[in-house]
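In: Just to be clear, the model below is a prediction. Sequence and coordinates:
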Amino acid sequence: MKILITGASGFIGSFMVEEALNRGFETFAGIRATSSKKYLQDERIQFADLDFTDTTVLAKQLRALGRFDYIIHNAGVTKCQNKGDFDRVNFGYTRNFVDALMQADLMPSKFLYMSSLSAFGSGCEETFKPIMLADTPKPNTAYGASKLKAERYIQSLNNVPYLFLRPTGVYGPRETDYFVFNKTVNRGIEPSMGLDTQYLTFIYIKDLVRVAFDALASNIVRKAYFVAEGRVYTNEEYATIVKNILGKKRVLKLRTPLFLVKFISAFLETVCGWFGKTPTLNRDKYNILSAKNWKCEVEPLERDFDFQAEYDLERGMTEAIEWYKKEKWL
């Protein structure tokens with residue numbers, strides 16, 4: 001069986017490649033020529049530098065590679081200096097990719113699009129009910145809106161055997177955003193936003209890639225799923241788990257009012273933009289961090305793919321932090 005995984009040099013993509021190799025696939029990693037191959041060292045990996053900007057060129061490249069049984073389209077951007085780049089890359093490049101597959105008559109048996117819970121936005125903060133698959137999406141970030149737009153384009157095409165996975169907060173070795181919180185706690189400071197309780201959900205990277213490949217092996221197509229561990233954590237529980245793993249019994253809890261965090265995120269985004277960079281804390285990230293309800297429906301995922309997370313937050317974060325220490329990140 002032959003598989004193409006785009007965005008293969010990133011956090012999620014590199015783990016997808018490892019899982020594909022472990023399951024015996026002839027594995028093609030879609031990366032840019034300038035991308036790092038640090039986590040793509042296995043000699044069995046074949047590389048493909050695809051031009052998502054031009055449908056005709058891309059179709060020609062795909063013909064040269066031949067038909068893939070499965071494609072996992074994981075390429076995209078999560079942070080942009082220019083908000084229009086979210087739409088250009090996450091939607092535009094995805095549209096070009098699907099169009100090129102149709103133009104070349106090389107549609108795979110399954111096209112798995114790695115979307116995000118952000119495509120739906122956060123849940124109701126009055127009832128605190130989980131976000132349901134039947135709910136109307138209300139993305140509150142440019143990133144989420146671009147992922148939703150890509151989903152809707154794919155859904156509009158009758159001959160695409162798609163699956164959408166919409167993971168919640170993905171963490172694990174090599175991940176850099178949750179790592180920032182871990183590093184800050186390790187230095188003796190616990191950052192906290194606002195006064196209200198947040199309800200958070202997570203998925204460990206190994207659980208995510210496992211269910212992705214189980215979904216590919218199933219006979220299910222043209223459906224979408226939220227991907228989460230299944231347990232809900234408060235922001236306090238999350239912080240306590242990290243502190244316990246790091247052995248930080250006493251830390252300085254730095255609680256910052258939301259209005260101040262919002263100002264800081266806008267300030268950092270503006271200043272970093274002058275130098276062509278995008279900070280970890282930006283306006284989009286503020287909208288995610290300030291939302292209080294990230295509960296989501298996971299029963300369809302559990303039912304259709306017999307999925308049960310092997311990692312709860314404590315076990316997953318322990319393994320991740322051990323990796324950070326081993327790699328001298330902490």
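Out: Right, received. Where do you want to start? Only a predicted model underlies this, so the values are computations on that prediction, with no experimental measurement involved.

In: What's the mean pLDDT across stretch 30-37?
Out: Across stretch 30-37, pLDDT averages out at 94.

In: Name the nearest residue to Ile114, sequence neighbours excluded.
Out: For the record, residue 114 is Met, not Ile. With sequence-adjacent residues excluded and distances taken as Cβ to Cβ, 6 or more residues apart in numbering, Met114 is closest to Asn74, at 4.4 Å. In this view, the C-beta of every residue, glycine as well, is placed from N, C-alpha and C.

In: Now the phi/psi pair for the one you found, please.
Out: Asn74 has phi and psi values of phi -110, psi -10 when expressed as degrees, to the nearest 10.

In: Any idea how many residues pack against it?
Out: 23 (other Cβ atoms under 10 Å).

In: again with Arg315
Out: Look at Arg315: counted by other Cβ under 10 Å, it has 14 neighbours.

In: and it, what element?
Out: Here Arg315 sits within helix 313-326, counting by DSSP states H and E.

In: State the distance from the residue nearest to Met114 to Thr234.
Out: 30 Å (Cβ to Cβ, to the nearest Å).

In: can you check Lys249 too?
Out: Distance from Lys249 to Thr234, by Cβ to Cβ: 20 Å.

In: Comparing those two, which shows the higher neighbour count?
Out: Counted by other Cβ under 10 Å, Lys249 and Thr234 do not tie: Thr234 has more neighbours, with 13 against 7.

In: which one is that one nearest to, not counting chain neighbours?
Out: Thr197 (5.3 Å).

In: same check, this time on Val185
Out: Nearest one to Val185, counting by Cβ to Cβ, 6+ apart, is Val242 at 5.3 Å.

In: Quick one: neighbours of the closest residue to Pro300 other than its chain neighbours, just the number.
Out: Spatial nearest neighbour of Pro300, chain neighbours left out: Tyr225 (5.8 Å); criterion: Cβ to Cβ, 6+ apart. Look at Tyr225: counted by other Cβ under 10 Å, it has 25 neighbours.

In: same check, this time on Cys124
Out: 14.

In: my read: it touches Asn293, true?
Out: Yes: with contact defined as Cβ atoms under 8 Å, Cys124 reaches Asn293; the gap is 6.3 Å.

In: Now for the residue nearest to Met114: which residues touch it?
Out: Ile5, Thr6, Gly7, Ala8, Gly10, Ile12, Gly13, Met16, Met114 (Cβ atoms under 8 Å, 6 or more residues apart in numbering).

In: Next one, pLDDT for it please.
Out: pLDDT, Asn74: 98.

In: Give the buried residues for stretch 35-52.
Out: Residues of stretch 35-52 classed as buried by neighbour count (16 or more other Cβ atoms under 10 Å): Ser35, Tyr39, Leu40, Ile45, Ala48, Leu50, Phe52.

In: Then stretch 133-153?
Out: In terms of neighbour count (16+ other Cβ under 10 Å), stretch 133-153 has its buried residues at 137, 139-151, 153.

In: quick one: average pLDDT of that stretch?
Out: The model assigns stretch 133-153 a mean pLDDT of 96.

In: Which residue ranges of the stretch 201-330 of the chain form strands?
Out: 202-204, 223-227, 233-234, 252-256 (DSSP state E, counting those that start in this stretch).

In: that older thread, Phe267: which of the contacts of Asn74 is nearest?
Out: Nearest to Phe267, judged by Cβ to Cβ, of the contacts of Asn74 is Gly10 at 27.6 Å.

In: give the contact list for Lys243.
Out: Contacts of Lys243 by Cβ under 8 Å, 6+ apart are Val185, Glu190, Lys249, Val251.
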